[in-house]
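Participant: Have a look at this fold, sequence not included:
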Ligand code: B3K
Ligand code: ZN
């Protein structure tokens with residue numbers, strides 16, 4: 001294994017022995033030999049004689065000076081140790097690095113022709129020796145020198161304070177960031193870009209320069225990102241009262257990036273996927289995601305940058321809160337219900353799976369080997385659910401008072417999740433003692449609810465029990481504070497009033513709730529808006545679910561009732577298929593779908609969401625042991641039954657909603673969403689006329705959403721027209737990797753028997769590259785995570801393929817490898833044959849003496865189960 005795989009514990013936190021208050025970086029860029037000189041003011045903290053110990057990886061050390069004098073030092077386990085340093089001194093360190101050889105995309109690296117950096121979590125140590133921890137806050141100046149012709153634009157954090165030309169064809173720019181920051185927020189970019197400029201006037205009247213840098217020729221794809229940035233800045237002022245603080249805000253889009261984007265102070269670096277869009281090349285979902293991610297990184301300026309994490313175990317302090325903020329941003333600007341539905345799907349699907357697997361951890365983990373492994377759905381998405389519960393318990397007004405207190409108390413500090421909850425408690429006066437357990441406990445709690453109707457006394461009683469099953473990391477679980485939102489309806493779906501629409505605080509393992517004045521047994525909508533990230537067990541009668549689906553006041557509840565009803569039939573049919581019986585679907589269920597489809601009062605995106613059958617991966621979460629074949633068969637059966645029985649309705653709704661000319665409006669986005677769903681069902685029938693509709697949709701499309709809807713439909717229905725569409729698409733877009741990702745994804749999710757062979761052959765496609773994380777995710781990631789039917793082929797070929805890919809990526813990009821491995825880690829959920837095939841591949845990986853720390857942590861946890 002490379003490096004030392006040592007576990008770090010949250011409770012072992014110690015304040016740093018030294019602080020660095022000021023660092024001046026002088027960086028002379030060169031592809032293979034970049035010179036870095038770091039001059040820092042170092043101060044001893046507290047009464048001790050400890051040596052100065054700095055982190056550094058993949059560095060060539062040239063010299064170390066303390067107060068301008070050469071000193072002796074040691075390099076031990078990737079750390080530079082200097083003994084007997086003064087209490088306060090100037091430290092000057094010269095190092096060399098090789099950005100061209102940096103395929104891990106951490107630290108300073110080349111993305112195409114540009115230089116860029118990624119320092120979170122622990123990448124700054126690949127630039128220079130430093131106290132690479134988030135609780136050391138320094139003021140940075142950065143002087144960059146580079147060849148002027150190749151790199152006319154040189155960027156870093158803060159304000160540009162000086163620049164000049166040298167006689168050797170190089171030039172330099174110096175930047176100063178006035179805000180003290182941890183080194184993970186440092187950034188540097190050098191390259192030749194097109195730039196889109198704009199300004200934003202803050203609520204106090206300051207003008208901020210906005211600059212968006214994209215690859216040459218991409219300016220026509222940058223406008224949406226800029227308008228998203230301005231919307232984010234305005235929204236944060238309106239909803240949270242938070243104003244931007246520097247005079248300039250820059251965003252750079254790069255092609256090679258391990259994640260979505262990075263919130264470096266004043267200089268965000270983005271995966272181009274979350275910047276570039278025009279109607280021809282981007283889907284409605286791409287547009288939405290760009291706005292969301294631009295918002296997310298911008299919101300970090302306060303929740304992350306001005307107030308940061310004391311240590312990396314506190315990651316959810318900034319990520320959970322910032323995801324909550326970006327979700328609220330999307331909901332305030334668009335449809336709250338649709339946003340909620342999509343976010344809840346992520347929690348109930350992959351997050352619940354993570355919590356049930358070998359990597360299960362609390363939103364504030366206790367033990368970490370490789371920090372990059374903890375940028376998880378649990379820390380981000382469940383973390384945001386925890387913030388959302390606080391919001392539900394406190395209400396908007398008190399929550400905002402809590403935010404104001406948090407900001408005023410901790411601005412400029414590196415703090416903990418406890419500090420955040422304390423501010424919420426102090427501002428609201430609400431005791432959050434039990435609530436804090438959400439930070440400490442992993443796993444998915446189960447809320448078991450039963451009801452009782454006492455006609456004689458006109459009482460309706462709900463009995464609620466909570467428990468959290470043990471997880472891989474934690475056997476003992478305790479009681480949580482769970483906000484349970486519920487509402488009562490009468491048997492015909494009439495709303496019984498606000499007094500029966502409430503949030504109940506469940507704080508004990510068993511609790512009963514009584515409602516008086518009930519002349520008939522009501523229908524209860526439980527866990528409205530998914531008020532807590534829990535699994536709900538309640539034995540709903542079909543009839544009650546139908547009432548909620550058709551009459552609930554909440555769009556979310558309508559969708560949720562439809563899901564619950566579908567889930568009942570999914571469970572039942574998987575059982576039937578396993579017992580070699582034919583699957584079946586009651587006619588009444590299909591009738592309800594017909595009614596939903598025709599309902600003119602419903603939001604069209606809501607109809608689309610209600611008509612979508614859960615994916616095979618989310619269906620899997622309904623079962624302890626996953627039977628991929630039965631699940632596939634049942635899903636196909638349900639889709640096919642609805643497609644056949646409602647064929648004419650789909651055609652009718654398709655025709656009514658097809659948009660003519662592309663417009664990025666809520667109404668048209670919803671229409672295209674519904675049209676895509678209809679088209680997929682139409683393709684499942686696949687007769688001559690249906691194929692004609694799909695083909696015409698493709699050829700008449702003036703935007704990427706419609707193009708892909710046609711291709712997706714043709715793929716799902718395995719229509720002959722698919723070939724021609726795929727060729728046309730490839731011919732048109734092969735020069736554009738981002739757009740081609742859609743093409744790779746389509747083939748990676750094919751239900752066809754030769755899917756894996758096709759995926760393997762695509763590894764050699766000219767648009768594919770093993771170096772580009774977007775391509776890797778689109779082809780290999782999609783095949784293994786989103787095509788369970790083919791990935792889990794009983795001959796183990798899918799597993800071997802993924803392991804071979806991981807073998808290759810282990811060295812070149814361990815972070816991406818560690819993301820791609822997820823489906824293999826879940827082996828315990830499968831039948832014995834598949835389990836042993838999957839384990840065999842994991843064992844092969846674990847036998848490698850050079851396994852990266854990233855993969856080692858996951859593989860060893862999985863095998864230890
Ligand atoms: N903070 C970064 C993620 C860094 C991931 C490091 N492996 C992006 C974000 O959450 O906004
Ligand atoms: Zn974030």
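Facilitator: That came through, no problem. Being a predicted model, the structure only gives us computed values, none of them experimental. Ligands and ions are numbered 1, 2, ... in the order given.
Participant: which stretches of this protein have low pLDDT?
Facilitator: Of all residues in the chain, those with pLDDT under 70 make up the ranges 1-4.
Participant: Around ligand 1, pick out the residues from this protein.
Facilitator: With Cβ under 6 Å from any ligand atom as the criterion, the chain comes near ligand 1 at residues 120-121, 259, 261-263, 296-297, 300, 319, 372, 375. The C-beta positions use only the backbone N, C-alpha and C, and glycine is treated the same way.
Participant: So which of these are in strands?
Facilitator: Those of the residues of the chain next to ligand 1 mapping onto strands are 261-262, per DSSP state E.
Participant: Tabulate the residues of the chain next to ligand 1 (CSV), appending neighbour count.
Facilitator: What follows is the residues of the chain next to ligand 1, written out as CSV (neighbours: other Cβ atoms under 10 Å):
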residue, neighbour count
120, 23
121, 20
259, 18
261, 23
262, 24
263, 23
296, 25
297, 24
300, 25
319, 24
372, 22
375, 18
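Participant: Nearest to residue 421 among the residues of the chain next to ligand 1?
Facilitator: residue 319 (15.5 Å; Cβ to Cβ).
Participant: residues touching the closest one, list them.
Facilitator: Residues in contact with residue 319 (Cβ atoms under 8 Å, 6 or more residues apart in numbering) are 304, 375, 379-380, 383-384.
Participant: make it 10 Å
Facilitator: Counting by Cβ atoms under 10 Å, 6 or more residues apart in numbering, residue 319 makes contact with 296, 300, 303-304, 309, 363, 374-376, 379-381, 383-384.
Participant: again with residue 783
Facilitator: For residue 783, counting by Cβ under 10 Å, 6+ apart, the contacting residues are 744-745, 747-750, 755-756, 758-760, 762, 790-791, 798, 801-802, 805, 820, 823.
Participant: Pull out the buried residues from the residues you listed.
Facilitator: Using 16 or more other Cβ atoms under 10 Å as the burial test, the contacts of residue 783 include 744-745, 747-750, 755-756, 759-760, 762, 790-791, 798, 801-802, 805, 820, 823 as buried.
Participant: Of those residues, which belong to helices?
Facilitator: Secondary structure of the buried ones among the contacts of residue 783 is defined by DSSP state H; positions in helices are 744-745, 747-748, 755-756, 759-760, 762, 790-791, 798, 801-802, 805, 820, 823.
Participant: Please report how far residue 407 lies from ligand 2.
Facilitator: Distance of residue 407 to ligand 2, given as Cβ to the ion, to the nearest Å: 17 Å.
Participant: Residue 578 too?
Facilitator: As for residue 578, its distance to ligand 2 is 42 Å (criterion: Cβ to the ion).
Participant: Please identify the residues of this structure in proximity to ligand 2?
Facilitator: Proximity of the chain to ligand 2 is assessed by Cβ under 5 Å from the ion, with 319, 322 identified as the residues in range.
Participant: repeat that for 6 Å
Facilitator: For the chain, the residues in contact with ligand 2 (Cβ under 6 Å from the ion) are 296, 300, 319, 322.
Participant: Could you find the closest non-adjacent residue to the residue of the stretch 1-150 of the chain found nearest ligand 2?
Facilitator: Scanning the stretch 1-150 of the chain for the residue nearest ligand 2 gives residue 120, at 9.0 Å (criterion: Cβ to the ion). When the adjacent residues along the chain are set aside, residue 120 lies closest to residue 184, with 4.1 Å between them (Cβ to Cβ, 6 or more residues apart in numbering).
Participant: Next, find the distance separating the one you found from ligand 2.
Facilitator: When distance is defined by Cβ to the ion, residue 184 is 12 Å away from ligand 2.
Participant: ok, residue 258 to residue 118 distance?
Facilitator: From residue 258 across to residue 118, the span is 7 Å (Cβ to Cβ, to the nearest Å).
Participant: So for those two, which residues contact both of them?
Facilitator: Common neighbours of residue 258 and residue 118 are listed as 104-106, 815 (criterion: Cβ under 10 Å, 6+ apart).
Participant: list the contacts for the closest residue to residue 825 other than its chain neighbours?
Facilitator: Using Cβ to Cβ, 6+ apart and skipping residues adjacent in sequence, the residue nearest residue 825 is residue 862, 4.5 Å away. For residue 862, the set of contacting residues under the criterion of Cβ under 10 Å, 6+ apart consists of 357-359, 472, 821, 824-828, 838-839, 842, 845-846.
Participant: Which one of those residues is nearest to residue 766?
Facilitator: Of all the contacts of residue 862, residue 821 has the smallest distance to residue 766: 27.1 Å, by Cβ to Cβ.
Participant: Tell me, how many residues neighbour the closest one?
Facilitator: Close neighbours of residue 821, defined as other Cβ atoms under 10 Å, add up to 24.
Participant: Which strand residues bridge residue 254?
Facilitator: In this structure, residue 254 has beta-bridge partners residue 271, where bridges are defined by DSSP bridges.
Participant: Can you give me every residue that contacts it?
Facilitator: Shown here is residue 254, whose contacts under the criterion Cβ under 10 Å, 6+ apart are 105, 109-112, 114-116, 118, 189, 191, 193, 213-215, 261, 269-272, 275.
Participant: try residue 758
Facilitator: Taking Cβ under 10 Å, 6+ apart as the contact definition, residue 758 lies against 747-748, 750, 752, 779, 783, 790.
Participant: Excluding residues flanking it in the chain, which one is nearest residue 827?
Facilitator: The spatially closest residue to residue 827, leaving aside those adjacent along the chain, is residue 838, at 3.8 Å (Cβ to Cβ, 6+ apart).
Participant: Ok, residue 403 next?
Facilitator: residue 240 (6.2 Å).
Participant: Against residue 776, how distant is residue 838?
Facilitator: If you measure residue 838 against residue 776 using Cβ to Cβ, the figure is 20 Å.
Participant: ok, these two, which is more surrounded?
Facilitator: Neighbour count, other Cβ under 10 Å: between residue 838 and residue 776, residue 838 has more, with 25 against 22.
Participant: now the helix or strand that contains that one, how far from the centre of its chain.
Facilitator: Remark: residue 838 resides in helix 832-846, with elements defined by DSSP states H and E. Distance of helix 832-846 from the chain centroid (Cα atoms, centre = their mean, to the nearest Å) equals 28 Å.
Participant: Then stretch 804-812?
Facilitator: Using Cα atoms, centre = their mean, the distance from the centre of stretch 804-812 to the centre of the chain it belongs to is 23 Å.
Participant: quick one: contacts of that stretch?
Facilitator: Counting contacts by Cβ under 10 Å, 6+ apart, the residues outside stretch 804-812 that touch it are 2, 103-105, 759-760, 763, 770-771, 773, 776, 779-781, 783-784, 814-821, 824, 841-842, 844-845, 848, 850-852, 854-856, 859.
Participant: on that earlier part again, which of the contacts of residue 758 lies closest to ligand 2?
Facilitator: Nearest to ligand 2, judged by Cβ to the ion, of the contacts of residue 758 is residue 779 at 25.8 Å.
Participant: Beta-bridge partners for residue 191, please?
Facilitator: When bridges are taken as DSSP bridges, the partners of residue 191 come out as residue 153.
Participant: can you tell me how far it sits from ligand 1?
Facilitator: Taking Cβ to the nearest ligand atom, to the nearest Å as the criterion, residue 191 is separated from ligand 1 by 21 Å.
Participant: Surely that residue and residue 144 touch.
Facilitator: No: with contact taken as Cβ atoms under 10 Å, residue 191 and residue 144 are classed as non-touching, separated by 11.4 Å.
Participant: shared neighbours of the two, anything?
Facilitator: With contacts defined as Cβ under 10 Å, 6+ apart, the residues shared by residue 191 and residue 144 are 115, 151, 154-155.
Participant: Output the residues you listed as CSV; include the columns neighbour count and distance to residue 572.
Facilitator: What follows is these, written out as CSV (neighbours: other Cβ atoms under 10 Å; distance: Cβ to Cβ, whole Å):
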residue, neighbour count, distance to residue 572
115, 26, 58
151, 20, 63
154, 25, 63
155, 26, 58
